[in-house]
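Colleague: Next input, structure requested:
(2 chains)
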2 protein chains.
Amino acid sequence: MKISELSERSGVPVATVKFYIREGMLPRGEALSTTRAEYGEEHLSRLTLIGALADVRGLPLSRVRDILALIDAPDDDPIATLGRAVGALPPYVESDRDDYPRAREAIGELGLTYDPDFTAVPQLDEALRALEAAGLDASPAVLRRYSDAMRQVATEELAPMAGMSRAEAVPYAVLGTALYEPVMLALRRLAHHHLLATGPDGGRLSEEKPASV
Amino acid sequence: MKISELSERSGVPVATVKFYIREGMLPRGEALSTTRAEYGEEHLSRLTLIGALADVRGLPLSRVRDILALIDAPDDDPIATLGRAVGALPPYVESDRDDYPRAREAIGELGLTYDPDFTAVPQLDEALRALEAAGLDASPAVLRRYSDAMRQVATEELAPMAGMSRAEAVPYAVLGTALYEPVMLALRRLAHHHLLATGPDGGRLSEEKPASV
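Modeller: Just a heads-up that it's a prediction; the model follows:
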């Protein structure tokens, strides 16, 4: 298809399509002449993917580019690829420290792997610092609530990768890390809403409070 | 303490402290004269909280102000308060629709409450749209993985609220919604890392849980 049709079908303006090509986020079309190129379904689906990451997930374009680069040329080491994918996702923690005492302690208690080079470690450290600042409970018992749920989720998420080729596994891991997060957060909020709205099992707040209010 | 000491102890510049006061995010100090005011520990802890929401959680200042307003003058209806708190958190979905077919269908299948006025509903709809755009699995079986984990987490999160006064419960719900999210996301990423690093049989979860979870 021509660039005009690609634009129309994707809903992405021609100028933006050309920008993505210049930025290396979208492959060039097949040159038919010096001024015309032919685009295919793979261009359409790449534009859809950019939209999912940039518009829906709300990632800055530079981070979208990082994620596309990981998909296009994954690191040989899956852990390094995962680490770089996580580094392309918020929260963006800038740090030149090489020790994260809050995270190290929590990770030790939870029986996870502490690797200060993995970007989720400073992310956890910052998140724990915020709990502390807000006076919220960051005790091992409370952290285990989240850790147990996330290990369960992660185990199920990784299971299908055993049957995938690397070409399938890397986009699955990279995009899955980015795009199941908002699903999970929305479902947590919906679960609160549901429990508050529907009564005694979890709806204690909606039954009016005891006289201690 | 004087404003200079408040600034020093909080690490927040005096000009920023004054800005927060003008914006209604920080109460005025007790006036000692026309040019001097006395600040207390409650000012210090409010500055720490603003830092947690703005710097650590990375919320725009306008959203931090919304959250503080919820804490200071909560809605009478806890569900409305929760809804407004969720609306102050990313992702910020702008929508004038009143139906979210993807979310409605998923919520129905998961047995949750569908309320199109609750901001998590459009958030879920957008998140599902992104999965679809990226070609990721959004089948009921996969969504149930996240929903089950989040219901478990949400039930444990709400349990302590039964023993709280409203003055305690509202900050707990509002701040907990905002500040446990990054903890959970970091722990999901760490769980992936751990499982990939230790191999499919190395994770503690697979040792602890019987095969049929």
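Colleague: Hmm, residue B:118 and residue A:186 touching each other?
Modeller: No: between residue A:186 and residue B:118 there is no contact, the gap being 10.1 Å when judged by Cβ atoms under 8 Å. C-beta coordinates here come from the backbone N, C-alpha and C atoms, glycine included.
Colleague: Who has more neighbours out of these two?
Modeller: residue A:186 (28 against 23; other Cβ atoms under 10 Å in any protein chain shown).
Colleague: What's the separation between the more buried one and chain B?
Modeller: According to Cβ to the nearest Cβ, to the nearest Å, residue A:186 and chain B sit 4 Å apart.
Colleague: Let me know the pLDDT of that residue.
Modeller: Looking at residue A:186, its pLDDT stands at 95.
Colleague: What of residue A:210?
Modeller: The model's pLDDT for residue A:210 equals 44.
Colleague: show me where chain A has helices.
Modeller: With helices called from DSSP state H, chain A shows them at A:3-10, A:14-22, A:41-51, A:61-72, A:78-87, A:101-110, A:120-134, A:140-158, A:166-197.
Colleague: ranking those helices by burial, who's on top?
Modeller: Ranked by mean neighbour count under mean count of other Cβ atoms under 10 Å in any protein chain shown, these are led by helix A:120-134, which reaches a mean of 24.
Colleague: Packing partners of the helix-or-strand element of chain A with minimal mean pLDDT?
Modeller: Ranking every helix and strand in chain A by mean pLDDT, DSSP states H and E puts helix A:78-87 at the bottom, with a mean of 79. With contacts taken as 3 or more Cβ pairs under 8 Å, 6 or more residues apart in numbering or on different chains; DSSP states H and E, helix A:78-87 sits against helix A:61-72, helix A:166-197, helix B:166-198.
Colleague: hang on, the earlier thing: among the helices of chain A, show the one with the smallest mean pLDDT.
Modeller: Averaging pLDDT over each of the helices of chain A puts helix A:78-87 lowest, since it has a mean of 79.
Colleague: angle of it against helix A:120-134?
Modeller: 40 degrees (axes from the mean of the first three to the mean of the last three Cα atoms, to 10 degrees).
Colleague: how about helix A:78-87 as PDB, C-alpha atoms only?
Modeller: Taking C-alpha atoms only, helix A:78-87 is exported to PDB below (Å, rounded to 0.1, in the frame of the first residue of the first chain):
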ATOM      1  CA  PRO A  78      17.400 -13.100  28.200                       C
ATOM      2  CA  ILE A  79      18.100 -11.600  31.600                       C
ATOM      3  CA  ALA A  80      19.900  -8.700  30.100                       C
ATOM      4  CA  THR A  81      17.100  -8.200  27.600                       C
ATOM      5  CA  LEU A  82      14.600  -8.200  30.500                       C
ATOM      6  CA  GLY A  83      16.700  -5.800  32.400                       C
ATOM      7  CA  ARG A  84      16.900  -3.400  29.500                       C
ATOM      8  CA  ALA A  85      13.100  -3.700  29.000                       C
ATOM      9  CA  VAL A  86      12.400  -2.900  32.600                       C
ATOM     10  CA  GLY A  87      14.800   0.000  32.400                       C
END
